[in-house]
Structure formats: structure tokens, C-alpha cells
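In: Here's my sequence, what's the structure:
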Amino acid sequence: MAERGPKALLNKLIRRKKKPFLFSDEKLQELTQPDPCNQAGVGGSPADLQTLAHDVIQGDFGQVRRLATRQLVTSADAARGTVLMLVADAPETPVHTEKCILYLFELGANPKAADANGDTAAHLAARRDHLRLLTLLSFDAKWLRNDNGATPLMEAARTGSWKCAKHLLHLLRQWRFNECFEHGNSKRTRLLGLKDRKGRTASDLAMRSGHSELASYIEREMRLVVDALGEISGLTAQDQADRQELQRLAKAGDSAGLRRAATRGSCDLPDHEGQTALMWAAQNSSCGDEALWEQLVQLGDPTCATILAESCLHRAAKAGNSASASALLAARASANAREDWSESTPLMLAAINAPLASAAAVGQVLLDSGADWSLKDMRGRTALDLATQHGKSELAELLRGFEGVIYFDESL
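Out: Below is the predicted model:
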């Protein structure tokens, strides 16, 4: 079998000894310039669009499946607003909304569609701090400019939307998005330093809007460097000390210490592999205190992932930590996120790594939150295949209940 994934890319880079080259103006424009063809056609019934959006926001997959059609999810109202945009404008959604949104994509909903102001679903979600929707949008739908030249990150900065701002900033720590093998740190630098039509960066907009703490956070993220091998550096000595202390507390299972020490600015400080305090806590079953997780998901980014896209939820699933998994899912982490090494979902990693005694419990949490049991990893294996292979009999029995069932045919 041919080599695939990040390891193959790394080996290829080492063999070629190729130096990274700058992320070009042409590539930057290609990623950020909206395409006029992405405007949805007006013609959908405004009442039907509103009803469908309401059902998605409520997480009522049965109703969404009954009402949604390819024509409806690809049409727009008079202001060129699509159902995705209407959903993006909601401030809060339950975990079951993820499956509803994925079904809209299955029917052809266009995440790059723009309304009459050039705003996409990502712009609207960023303004409302609607992290669940923003997380599920494709990377290339998250950096488009609107008519004012603003990206979703700029909108999040302007409105003080911490969760969406962190999500967008932290994406560029990952190999798959920063393309460090080809571009070193230049893609990150150029995207985070973009300016709107008035010459203002995301940091400028945060500061001008009275969100100085967020402006400082953005500037600190911009000072980080991802080298050509994907390793992260650039923390100050104080940041490094804060990060190490949080890591020590998390690995020791000191919930009380973590609650005292964690701050909005320190929770997501990365080590050279992108690991954060939330990840260390998620993978420690001793850190299962509900009060701790209520605080951590408020302060930190529940969608944050390592340079290889292993998220906090992946870590919780591997540890069989149902308490942290439940908190992360409620805080809008995706139940179907994939890491890069083997393209595994949290459910797959629970099948491989979770302790025998807790694998089924954390698997149930994931399934109840919309995890797709039918997805396959890089080698074509489902979560059921992996649970069977690794002797997780109770989890395997749970997954056999879904054998032959199509994901979008099953209501939550």
C-alpha cells in the first residue's frame, strides 16, 4: 500500500530536503476572494427556509429530514440568505444540531454562498459566536472576504466573539491547514495579518471595539511560529511557564489546582506539538469533575487540536473520559472530527484506545451526540471493525445495533 497521511508528507519532505516557499499573493487571493457564482439563487419559500432553519437550530433531525430538499437548501430568500445563514445567526444550538447541519451539506448546501452584503455563513456565525456551525464549515469557507473586505476572523474580533476567534486562530496550528511543509509559517502569517478595506487587521478591530484582551490574544497567536516540520515555537518565557504549570496540574489530575490556575489566555497555550491544557485534562480520567469541565470549556477552545488534528475530544475518547467528552460536545466540539494520522474519529479512537471498562460508555456519549458509526479510517475500518479487533466487546455490541443502518436514515 502506498504511504499516505502526514507521515508520508514528512518523509517526502525529508527525502527531497526541500525548502518551504512563501504563500503567494495568487494563492492568498484564491483562498480569500469570493466567487460571484457562489450566490444562491433566489426562489426558496421564505416560510419554508425559516421553518427548516428553526428545526436545525432545535436539533430536530426527524423534522429536518422530512422538510429538507436539495432545492430548498440551495435556494435563498430575497436578501440571498440561505438556510445555513439563518442557522448561523442563532446564538445557541444543542449537540443534535451537528447531524442536522451535516445533512444540509449532504443535500448540497453551499458553505461559500454569500448574501447581498457578501457575508457567508462563516461571517454570520463569527459575529454571533456560533461555534458549532463554524466548526463544521470547510476550511476554505472560513477565510473569504465580505463586501467590506472583512474575513470571519475580523468579524469575530470586532464583536468580541472569543470562541469563534480562537477556533479560527487555532486552525492554523495544524499541518493540514498551515501547509508548513510547503510554506513554513508564511500562510499563517498572511492569513492572520489580513486587512479589511480600511486597512484594519483582526487585532486592530478587536482593540477599536473595546476587546483589548482579545486583541492581545490575537497578537500573541500571530507571534507563534510553525516551522517547516510543523513544530510550534514563539511563546514567551512567562507563557511557557504558565503552559507547563497547567500541563503538570492536568497530568496529575489536580482538578482544584486547574480551576485556580486556568485562564482564558492560558488554557490554549500550545507546546511544540500543539498540545494544550484541555487536551491533557481530557485524556486524564481523574479530571472528570463536572465543575472543572464547565470552567475549562468556557475558558478554552473545545475544538482545539494538535498539529496532527487530534482534538480534545479525540483525547477524551481515547481515555474513556465520558465527563470530559460530554462537556466538550455540549461546548460545540464536533463528534465527527478526524485526526490526520489515520483519519480516525473520536468514536474510532474510543474503540482502539479506551479502557475496556469505559469504552462503551464514552461510545454511547458520542453516538448520542451524532457520531457517524459508518465512517471509515484511512485503512477502510469502521468503529465496529476496530472495537471487534481490539476486544471492546461491549462497545462492539452497541455498534452492531447500527450495522447496515445508513447514518442519515436514523433519527437521534
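
In: most centrally placed residue in this protein?
Out: Centre of the chain computed as the mean C-alpha position; nearest residue by CA atoms, centre = their mean is residue 135, 4.0 Å away.

In: My guess is that one contacts residue 303. True?
Out: Yes - contact criterion CB atoms under 8 Å: residue 135 and residue 303 qualify, at 5.1 Å. C-beta here means a position set from N, CA and C on the backbone, and glycine is covered the same way.

In: Quick check: pLDDT value at residue 392.
Out: Per-residue confidence (pLDDT) for residue 392: 98.

In: Would you agree it is in contact with residue 362?
Out: No - look at residue 392 against residue 362 with CB under 8 Å: they stay out of range, at 10.5 Å.

In: overlap in contacts of the two?
Out: By CB atoms under 8 Å, 6 or more residues apart in numbering, residue 392 and residue 362 have these common neighbours: 350, 354.

In: Tell me which helix or strand the residue nearest to residue 140 when sequence neighbours are not counted sits in.
Out: Setting aside the residues directly before and after it, residue 140 is nearest to residue 31 in space (CB to CB, 6 or more residues apart in numbering), at 6.2 Å. Per DSSP states H and E: residue 31 is located in helix 25-32.

In: gap between residue 295 and residue 286?
Out: 16 Å (CB to CB, to the nearest Å).

In: For those two, indicate the residue with more neighbours.
Out: Per other CB atoms under 10 Å, whichever of residue 295 and residue 286 has more neighbours is residue 295, with 17 against 14.

In: Kindly state the pLDDT recorded for the more buried one?
Out: Confidence at residue 295, expressed as pLDDT, is 97.

In: show me what contacts the nearest residue to residue 197 once chain neighbours are set aside?
Out: Excluding the flanking residues, the one nearest residue 197 by CB to CB, 6+ apart is residue 149, at 3.7 Å. Listed by CB under 8 Å, 6+ apart, the contact set of residue 149 reads 195-198.

In: Dump these to JSON lines, plus pLDDT, secondary structure and distance to residue 164.
Out: What follows is the contacts of residue 149, written out as JSON lines (pLDDT from 0 to 100; DSSP: H, G, I helix; E, B strand; the rest coil; distance: CB to CB, whole Å):
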{"residue": "195", "pLDDT": "98", "secondary structure": "coil", "distance to residue 164": "19"}
{"residue": "196", "pLDDT": "98", "secondary structure": "coil", "distance to residue 164": "17"}
{"residue": "197", "pLDDT": "97", "secondary structure": "coil", "distance to residue 164": "21"}
{"residue": "198", "pLDDT": "98", "secondary structure": "coil", "distance to residue 164": "21"}
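
In: quick one: the helices in the stretch 151-300 of the chain?
Out: Applying DSSP state H, counting those that start in this stretch to the stretch 151-300 of the chain gives helices spanning 152-159, 162-171, 175-178, 180-183, 186-192, 202-208, 212-223, 237-252, 255-261, 277-282, 290-299.
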